[in-house]
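Enquirer: Fold the following for me, if possible:
(chains A and B)
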Amino acid sequence: MTDVHIAVGEADFDPAVQLARLEALGGGAVASFTGIVRGGDGLQAMQLDHYPAMTDAQIARIVDEAQGRWPLLGVVVIHRVGELRPGERIVFVGTASAHRAASLESCAFLIDWLKTSAPFWKKERFDDGRAEWVEARAEDDAARDRWG
Amino acid sequence: MVTLDILYFSWVREGVGKDGETIDHPGAEVTVSELIARLAERGEGYAQAFAQTDRVRAALDQQFVPLDTRLGQAKELALFPPVTGG
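Expert: Residues are numbered from 1 along each chain as shown, chains lettered A, B, ... in the order given. Model prediction:
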């Protein structure tokens, strides 16, 4: 039975708390990814929208897919929405397994799939007043597709 | 009367000018892309939002579907650009 924790909301999170949760599951390996709002080019803030009725269920489907591919003891996926500024955490993926390969690979799989297959949209606001929706990138689709 | 809830996200929402709307269900045999073509005739905002259908994605009852999917008995259709989370 995999311990699965999925959270979508405006609140920040503490990666250390999430890692401790995964470390307590008795496996030999915990891997994680934390996504941070990248500054530069005059970026003032990023607005993250999502499709509330679908988001949790879609992330659960992606986690199910990972569980089918690797023997996982635990999975944590946290995705923030709302307004986020450079340096703030956006997303956390953590996995626990008996051995390192399963935890590292499933963690990479989950973030690649989250970027391309979960209903979130980013809008960037710049200090010169411009506001633009982020375009989907072909590299992200390619990163997902390498998992077959 | 059977109805269909339509939800719009991201720049599709901004183009159309609303979060969503409820319409009379166009029929189970109608595809998502056929419905998009009809929506595009509703006015300038719609026409602009759906000008490039290769940039529009869809979900029926909270499941991603290709645009040639028939509406079937779905109760909720969401229209949006390719996702950019993570």
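Enquirer: Find the closest residue to chain B in chain A.
Expert: Distances between chain A and chain B by Cβ to the nearest Cβ are smallest at residue A:120, namely 2.7 Å. Yep, even glycine has a C-beta here, placed from its N, CA and C like the rest.
Enquirer: Now that residue: closest residue in space that isn't a chain neighbour?
Expert: Distances taken as Cβ to Cβ, 6 or more residues apart in numbering or on different chains put residue B:85 closest to residue A:120, at 2.7 Å, once the chain neighbours are dropped.
Enquirer: next one: residue A:18
Expert: Leaving aside its sequence neighbours, residue A:18 sits nearest to residue A:76 (Cβ to Cβ, 6+ apart; 4.9 Å).
Enquirer: Counting by contacts, list what the helix or strand that contains that neighbour packs against.
Expert: Residue A:76 is part of strand A:72-80, with elements assigned from DSSP states H and E. Counting contacts by 3 or more Cβ pairs under 8 Å, 6 or more residues apart in numbering or on different chains; DSSP states H and E, strand A:72-80 packs against strand A:3-9, helix A:15-23, helix A:52-69, strand A:89-97, helix A:100-117.
Enquirer: Buried by neighbour count: which residues of the third one qualify?
Expert: Within helix A:52-69, the residues scored as buried using 16 or more other Cβ atoms under 10 Å in any protein chain shown are A:54-56, A:58-59, A:62-63, A:66.
Enquirer: so where do the strands sit in chain B?
Expert: For chain B, the strands defined by DSSP state E cover B:3-8, B:20-24, B:57-60, B:63-65, B:76-80.
Enquirer: what's the angle from the longest one to strand B:76-80?
Expert: So the one you mean is strand B:3-8. Relative orientation of strand B:3-8 versus strand B:76-80 (axes from the mean of the first three to the mean of the last three Cα atoms, to 10 degrees): 20 degrees.
Enquirer: buried sites along strand B:3-8?
Expert: Neighbour counts using 16+ other Cβ under 10 Å place B:4, B:6-8 of strand B:3-8 among the buried residues.
Enquirer: mind listing what the residue nearest to residue A:120 touches?
Expert: For residue B:85, the contact set (Cβ atoms under 8 Å, 6 or more residues apart in numbering or on different chains) comprises A:48, A:50, A:79, A:91, A:114-115, A:118-122.
Enquirer: how near is the residue lying closest to residue B:13 once chain neighbours are set aside to residue B:43?
Expert: In space, and not counting its chain neighbours, residue B:13 is closest to residue B:19: 6.0 Å by Cβ to Cβ, 6+ apart. According to Cβ to Cβ, to the nearest Å, residue B:19 and residue B:43 sit 16 Å apart.
Enquirer: For chain B, which residue occupies the most central location?
Expert: residue B:79 (3.8 Å; Cα atoms, centre = their mean).
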